[in-house]
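Chemist: A structural model of the following input is requested.
(chains A and B)
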Amino acid sequence: MRLIVARCEVRYTGRLNAVLPNALRLIMIKSDGSVMVHADTGGYKPQNWMTPPTVIEESEGRMVVRKLKGDDRLDIEISEIVSDVTHDMGEAAALEKDGVERDLQELLAEQPHWCGEGLRLVRREWPTDIGPVDLMCRDADDEWIAVEVKRVATIEAVEQLTRYLERIRQDPAMGACRGVLAAQTIKPQARTLAESRGIACVEVDLAVLRGEREPELTLFA
Amino acid sequence: MKITCSSAELLAQLQTVARVASTRSAVQALSGVQVAATADAVELRATDMEVSLRVPLTADVERPGSAVLPARLTLDVVRALPAEQVTLELRPSDQDVEIASGAATFHIRTLRSEDFPPLPEPGGDAIVEVPAAAFVETVTRVARSASRDETRPILTGILVSASGRELRMVATDSYRLSVKETPLDRELAGSFEANVPARALQELVRLVPQGGEGDEEAVLRVGVRANQIVFETGGAILSSRLIDGQFPNFRQLLPDSYEHELRINGDEFTDVVRRISLLAQKNAPLRLAFREGEVTVSAQTPDVGEASETLPVAFTGEPFEIGFNPEFLRDGLESVDSGDLILKLISPLRPGLIESADGSGFLYLIMPIRLNV
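Modeler: Residues are numbered from 1 along each chain as shown, chains lettered A, B, ... in the order given. Just a heads-up that it's a prediction; the model follows:
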């Protein structure tokens, strides 16, 4: 990561022409070829930028950033450099979001009863020829239950589970396989569509699954 | 269209019908009230596509026709009219309606009539006539238990069943369940069962005249179709879509037996619960601690305060404490109406049942809240 604080004028040419007049700015050049020109105000968004892949040509008092394909081009005329430092950032660690689908899937795999009474896990990531079903379970009567896990279940999740069920039911031994859509939040339209297709909907609480909180007592699920 | 009518009646009917007009639809016409005048009758109409309402308006019709006016603005204008009479005239060339009363004149732009849907007509194959007072009373007793959570549409309805000499309504939001079975004086000429949005039934309660002479004889005509229900009362027609899906089987939710069965003065207990609930804020539970011969109702909200009150009850056995959502408990007690009630309990984590001791056929099953201490 190279960070240049410099007094500069930036000209963009390409889909349109734009000029940032001479002023003190931060030029951020990432190892992947992204180039961003920031001012000290104006929020998180750069004043101008170029997405990778790019070609960067430098000469005395001048930097030209071009897109590898196309005519987009940033001409940066540098009149004064205040700071020019490069840091080795090492390998990037991905953003870890709390409560993502994988967390939910793992927790529900350990406690499948939250997806339906008496359910037991047969396999996580049950393969079908159009993709894996998150959880394949069996109920107390040994019937098959395919569970699709989402953080937020939309109509698309219902369609996805419907496709899986169609494939799974082609196997005569699994012809009666039922579907369960398990999510932290289920959109009303998704619930309506799911119920019209005989797919059960289960809203799960991450804090309860993690044992951080006792579940609310209800008359029925 | 040109009509003349009483300002007061127009206001009264507009107030009734405007409640149904949509407040958040992308179709602008649904936020309006349609004034429809035929040669011999005038009707005000509104719908949000789920619930529709048509109410009659007594008026002199000079020129038949119809126009859709913005509900909120028209209501404000009519409320402020200076004279007893008002004339509404559609001016197609200006796309507005002239509202003239006394020396005041308003021109209100109309909404697109073609976007306003035709509303269901009354009648049909199976009309069941139900005593209006019994119907309204039954709705009132159970409506509070209907869910307001749109993610579970089935629970936002009230399951209405009418057959023989009984009217039954059931509502539940999964935390409590209300059941009211109302015996009828006369055998119904037909039967139906439908999951009707609670909102539609609450609008219906407002429409049915109550407390007046002869109101006990008033009849509600109910027509149930494939996915729609139509109510007719006093010239007004309210229709609603029905909610699809399997309503929970309430009989399966009622426990077979209870550990404790206490007869309590309903009014006294309700007053105690109302008072102590004032200190059960921020989701704090209301605690009921039962000991030999008494129950102490208490609540505590951190950083706010605490309250408690003891009431004599015929409790015997091992002392125990149970917590309830104060609002849900209050709803149940208030729905019992008056007189003694029977409180049935099993254990701190099992549902409790409140029923009226007079055998009026009302049940309120309520789930407790876990108490940490």
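Chemist: let me see the contact set for residue 188.
Modeler: You didn't pick a chain, so chain A it is. B:E150, B:T151, B:P153 (Cβ atoms under 8 Å, 6 or more residues apart in numbering or on different chains). From N, CA and C alone the C-beta is placed, and that goes for glycine too.
Chemist: wrong chain, I was asking about chain B
Modeler: Counted by Cβ under 8 Å, 6+ apart, B:L188 has contacts B:V128, B:E129, B:V130, B:A162, B:S163, B:G164, B:R165.
Chemist: wasn't it part of a helix?
Modeler: No. B:L188 is assigned coil when assessed by DSSP: H, G, I helix; E, B strand; the rest coil, not a helix.
Chemist: give me the number of residues near B:Q281?
Modeler: Counted by other Cβ atoms under 10 Å in any protein chain shown, the residues lying close to B:Q281 total 15.
Chemist: is the closest residue to it other than its chain neighbours in a bridge, and if so with what?
Modeler: Closest residue in space to B:Q281, ignoring its immediate chain neighbours: B:T301 at 4.3 Å, by Cβ to Cβ, 6 or more residues apart in numbering or on different chains. Assessed by DSSP bridges, B:T301 has beta-bridge partners B:G305.
Chemist: any idea whether the closest residue to B:S335 other than its chain neighbours is helix, strand or coil?
Modeler: Spatially, and ignoring its direct neighbours in sequence, B:S335 is nearest to B:R141 (5.1 Å; Cβ to Cβ, 6+ apart). At B:R141, secondary structure determined by three-state DSSP is helix.
Chemist: burial count for the residue of the stretch 101-250 of chain B found nearest chain A?
Modeler: The nearest approach of the stretch 101-250 of chain B to chain A comes at B:S174, 4.5 Å away (Cβ to the nearest Cβ). Using other Cβ under 10 Å, B:S174 has 19 neighbouring residues.
Chemist: can you list phi and psi of it for me?
Modeler: When read as degrees, to the nearest 10, the backbone of B:S174 gives phi 80, psi -10.
Chemist: so how far is the longest strand anywhere in chain A from its chain's centroid?
Modeler: In chain A, with assignment by DSSP state E, the single longest strand is strand A:73-86. Chain-centre distance of strand A:73-86: 34 Å, with Cα atoms, centre = their mean, to the nearest Å.
Chemist: following that strand, which helix or strand shows up next?
Modeler: helix A:101-110 (DSSP states H and E).
Chemist: report pLDDT for the closest residue in space to A:V152 that isn't next to it in sequence.
Modeler: Nearest residue to A:V152 in three dimensions, chain neighbours excluded: A:T185, at 4.8 Å (Cβ to Cβ, 6+ apart). pLDDT recorded at A:T185 is 91.
Chemist: ok, A:R213 next?
Modeler: Looking at A:R213, its pLDDT stands at 77.
Chemist: phi and psi next, for it.
Modeler: With angles defined as degrees, to the nearest 10, A:R213 sits at phi -150, psi 140.
Chemist: and for it, the neighbour number?
Modeler: Per other Cβ under 10 Å, the neighbour tally for A:R213 reads 12.
Chemist: wait, doesn't it sit right on B:R370?
Modeler: No. Assessed by Cβ atoms under 8 Å, A:R213 is found out of contact with B:R370, at 9.9 Å.
Chemist: hmm, back to that, so what touches the longest strand of chain A?
Modeler: Strand A:73-86 has contacts (Cβ under 8 Å, 6+ apart) with A:1-14, A:22, A:24, A:27, A:35, A:37, A:48, A:50, A:61-67.
Chemist: PyMOL command to pick out the buried ones of those?
Modeler: Buried members of those, defined by 16 or more other Cβ atoms under 10 Å in any protein chain shown, are picked up in PyMOL with:
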select buried, chain A and resi 4+5+6+8+10+11+12+27+35+37+48+50+63+65+66+67
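Chemist: re the thing from before, out of the contacts of B:L188, which sit inside helices?
Modeler: Per DSSP state H, helices hold no members of those.
Chemist: return a PyMOL selection command for the buried portion of those residues.
Modeler: Burial among the contacts of B:L188 is assessed by 16+ other Cβ under 10 Å; the matching PyMOL selection reads:
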select buried, chain B and resi 128+130+162
